[in-house]
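Novice: test case, fold it:
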Amino acid sequence: MRPSLVLLHGFGEDARMWDDFIPGRFPNQTLHIPNYADWSDCLTIAEYARKIVDTLPQEQSFILIGHSMGGYIALELAKQFPQQVQGIIMLHSTPVADSADKKLQRDKTAAFIQEHGSEKFIRSFVANLFASHFVESHQELMDMLANRYSQLNQTGLIASTLAMKVREDLQDFVRSTDIPTLFVLGEKDPLITTEAIVELLAGKDQHKYVILSGVAHQGCYEAPEETYAAINQFINEIHA
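Specialist: Here you go, the predicted structure:
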């Protein structure tokens with residue numbers, strides 16, 4: 001029996017991101033798509049993982065697909081519940097914990113959201129996740145996403161910001177786990193350093209990576225066919 005797919009959205013978006021990506025894809029897979037954008041009671045990424053696993057069917061196996069923050073949660077789920085996880089797909093995400101500078105930036109982000117609210121933050125945030133040439137040629141999409149997410153729960157945004165700041169570094173877990181992991185990276189991603197991921201995976205035959213040319217942090221939008229092809233090939237290899 002093929003494992004179900006658990007799709008985990010990123011920060012500054014919610015489960016609707018998958019509505020834009022999955023139509024016509026994964027026709028033979030059972031999908032579980034938790035929505036945690038408005039959760040305000042999780043202080044750590046580990047707490048998000050524990051709360052999400054309670055929403056999933058028990059005694060089943062899963063392949064986890066996490067975008068950005070969703071990737072952080074995917075690694076925590078795999079660490080806490082390895083017997084249920086058959087594969088991990090990290091979309092524009094990293095096992096590397098925040099640096100000191102990044103933690104300060106998270107604090108500033110949380111303070112900005114607290115003072116100015118979700119809408120002002122989201123409208124300044126969305127386009128920064130895409131390559132500049134893509135933004136210029138897809139302004140209608142930028143407007144749609146900004147309008148969609150401008151009403152995200154303010155306390156949920158702050159909670160997830162602070163949880164990401166204190167997340168555990170899971171590089172050793174990635175090095176040691178037998179759970180096959182795929183990293184889908186963007187050549188122009190301003191948030192994830194591809195070189196660090198490539199170095200981390202050196203000599204780890206159970207893990208793979210794909211770097212999307214000309215793509216920043218949103219491969220599901222910027223290069224959906226290439227992103228799906230990488231995911232689908234990885235899933236098929238797990239079940240070869």
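Novice: quick one: residues contacting the spatially closest residue to Leu157 that is not a sequence neighbour.
Specialist: Distances taken as CB to CB, 6 or more residues apart in numbering put Ile113 closest to Leu157, at 5.1 Å, once the chain neighbours are dropped. (C-beta placed from N, C-alpha, C; glycine too.) The contact partners of Ile113, by CB atoms under 8 Å, 6 or more residues apart in numbering, come to Phe121, Gln154, Leu157, Ile158, Thr161.
Novice: which members of the residues you listed are the farthest-apart pair?
Specialist: The distance between the two most remote of those (CB to CB) is 10.9 Å, for Gln154 and Thr161.
Novice: out of these two, which sits in the busier spot?
Specialist: Thr161 (23 against 17; other CB atoms under 10 Å).
Novice: that one and Gln105 touch, don't they?
Specialist: No - look at Thr161 against Gln105 with CB atoms under 8 Å: they stay out of range, at 9.6 Å.
Novice: just the terminal-to-terminal distance for stretch 201-210.
Specialist: Distance between the two ends of stretch 201-210: 12 Å, counting by CA to CA, to the nearest Å.
Novice: can you list contacts of it?
Specialist: Residues outside stretch 201-210 that contact it (CB under 8 Å, 6+ apart) are 174-175, 177-185, 194, 197-198, 226, 230, 234.
Novice: please, where are all the strands along the chain?
Specialist: 4-8, 31-32, 62-67, 85-91, 181-186, 207-212 (DSSP state E).
Novice: in JSON lines, list those along with mean pLDDT.
Specialist: Formatted as JSON lines, the strands of the chain follow (pLDDT from 0 to 100):
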{"stretch": "strand 4-8", "mean pLDDT": "97"}
{"stretch": "strand 31-32", "mean pLDDT": "96"}
{"stretch": "strand 62-67", "mean pLDDT": "98"}
{"stretch": "strand 85-91", "mean pLDDT": "97"}
{"stretch": "strand 181-186", "mean pLDDT": "98"}
{"stretch": "strand 207-212", "mean pLDDT": "96"}
